[in-house]
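**Q** Model the following, please.
(one chain, ligands or ions: 1)
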Amino acid sequence: MPEAAHSNQTASTTSAEEPSPYGGAATAPSGTTARGAGDAGGAPAAPPRRIRTLDLIKAKAEGRRWAMLTSYDQYTAALFEQAGVEALLIGDSAANNVFGHDTTLPVTVDELIPLARAVASATSRALIVADLPFGSYEVSDEQAVATAVRFMKEAGVHAIKLEGGVRMASRIRALTNAGIPVMAHIGFTPQAEHNLGGYKVQGRGGAGDALLEDARAVAEAGVFSVVMEMVPSGLAGQVTGELDIPTVGIGAGADCDAQVLVWQDMAGLRTGRAPRFVKRYADLHSVLTEAVGTYVDEVKSGVFPEPERSFD
Ligand code: KIV
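**A** A predicted model of the protein is given here:
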């Protein structure tokens, strides 16, 4: 069974963490549930500390699932963390959901870094992962390390995500050798949508072996986790059973160790036809439309601003 290639990524090493000898954020016992975190006994609650990649690996070993969402700004980042989301992704889906493009391809490193910095700065507990955007890591291992270092230094993220399986093994080794935790993304990889012929389930029938090879290759190369997008549930369950590192599903069924969604999809801010795997947990589009409509009416009728919101 493939394992994380680096000994510091096995669940057995996740014993209590020492305070940092270099100062900085306080540490506390690990866990993966921010919501309701605290000491059940009489002792004062320990200050929260960042969830680390090792905590997520340990969660898998202990059969605990965890949740991941995209975030691209300070308010959603702080709110999602408070609601218990363990890992936040500054996805290259910002191309669609922030910048209004049709695909993820146009978004650049310079556009994503300020978003990632906002998310990292607004949080104290969630693990922050940034996508390496299209064109920023394909050329060479050196290019991948240089781009990832920018995200770590300039944005303060804790890990990066890149798309690809077997073909990315060398990049993953170079990044982890540089001390950068990597999350892989296999199955449907949006940056390759033109190559894949559109949004299609990957790994069906005979293609299942190639997906398994991708999963094994990234695990052997040293990723701490692997996202599987639009993969048949049975196959995703097989990968999840085989790997020691956590799998994160998006359209990959219920057997994955974690799930990820784009927040505007799950909160119902984005309307229209959604992919089959999206569940809308709220209808923010209606809530905001109503609020803004009322504001416009009140401005036009002179109801807003009221005397109590005005100065003498
Ligand atoms: O960019 C993104 O948002 C993603 C996920 C949804 C997995 O890659």
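
**Q** Any residues of this protein in contact with the ligand? List them.
**A** 70, 89, 91-93, 131, 185, 227, 250, 260, 262 (CB under 6 Å from any ligand atom). Yep, even glycine has a C-beta here, placed from its N, CA and C like the rest.

**Q** Arg49: which of those residues is nearest?
**A** For the residues of the chain next to the ligand, the closest approach to Arg49 (CB to CB) belongs to Leu89, at 20.0 Å.

**Q** By neighbour count, which of the residues of the chain next to the ligand wins?
**A** Sorting the residues of the chain next to the ligand by how many neighbours each has (other CB atoms under 10 Å) puts Leu89 first, at 32 neighbours.

**Q** In three-state terms, how would that one be classified?
**A** When states are read from DSSP: H, G, I helix; E, B strand; the rest coil, the local structure at Leu89 comes out as strand.

**Q** got a list of what it touches?
**A** Shown here is Leu89, whose contacts under the criterion CB atoms under 8 Å, 6 or more residues apart in numbering are 68-71, 129-131, 161, 260.

**Q** Name the residues linked to it by a beta bridge.
**A** With DSSP bridges as the criterion, Leu89 is bridged to Thr70, Val129.

**Q** What does the pLDDT read for it?
**A** With respect to pLDDT, Leu89 scores 98.

**Q** Equivalent analysis for Ala16, please.
**A** As predicted, Ala16 sits at a pLDDT of 73.

**Q** What sits closest to the residue in the stretch 1-150 of the chain positioned nearest to the ligand if chain neighbours are left out?
**A** Using CB to the nearest ligand atom, Gly91 is the residue of the stretch 1-150 of the chain that sits closest to the ligand, at 2.4 Å. Among residues not flanking Gly91 along the chain, Thr70 sits closest, at 4.4 Å (CB to CB, 6 or more residues apart in numbering).

**Q** Repeat that for Glu86.
**A** The spatially closest residue to Glu86, leaving aside those adjacent along the chain, is Trp66, at 4.2 Å (CB to CB, 6+ apart).

**Q** roughly how far apart are the one you found and Ile160?
**A** In this structure, Trp66 lies at 18 Å from Ile160, with CB to CB, to the nearest Å as the measure.

**Q** which one of those two has more residues nearby?
**A** Neighbour totals were compared for Trp66 and Ile160, and Ile160 leads with 25 against 22 (other CB under 10 Å).

**Q** need the contact list for the residue nearest to the more buried one when sequence neighbours are not counted.
**A** Beyond its immediate neighbours in the sequence, the residue positioned closest to Ile160 (CB to CB, 6+ apart) is Ala148, lying 4.7 Å away. Contacts here follow CB under 8 Å, 6+ apart; on that basis Ala148 touches 132, 137, 160, 175, 178, 180.

**Q** does Ala148 sit in a helix or strand, and which one?
**A** Assessed by DSSP states H and E, Ala148 sits inside helix 141-150.

**Q** Please work out the average pLDDT along that helix.
**A** Mean pLDDT, computed over helix 141-150, is 98.

**Q** again, but for stretch 219-231
**A** When the per-residue pLDDT values of stretch 219-231 are averaged, the result is 98.

**Q** Assess the claim that the residue nearest to Gly91 and Leu269 are in contact.
**A** No. In terms of CB atoms under 8 Å, Thr70 does not count as a neighbour of Leu269; the distance is 11.7 Å.

**Q** overlap in contacts of those two?
**A** Looking at what touches both Thr70 and Leu269 (by CB under 8 Å, 6+ apart), the common residues are Trp263.

**Q** And the contacts of stretch 114-122?
**A** Contacts to stretch 114-122, defined as CB under 8 Å, 6+ apart, come from residues 71-75, 77-78, 81, 88, 90, 94, 98, 128, 130, 151, 154-158.

**Q** correct me, but Ala184 touches Ile160?
**A** No. Using CB under 8 Å, Ala184 and Ile160 do not qualify as a contacting pair, with a distance of 10.2 Å.

**Q** Not counting sequence-adjacent ones, nearest residue to Val218?
**A** Ala184 (3.8 Å).

**Q** For Met228, which three-state class applies?
**A** Assignment for Met228 (three-state DSSP): strand.

**Q** That'll do, ta.
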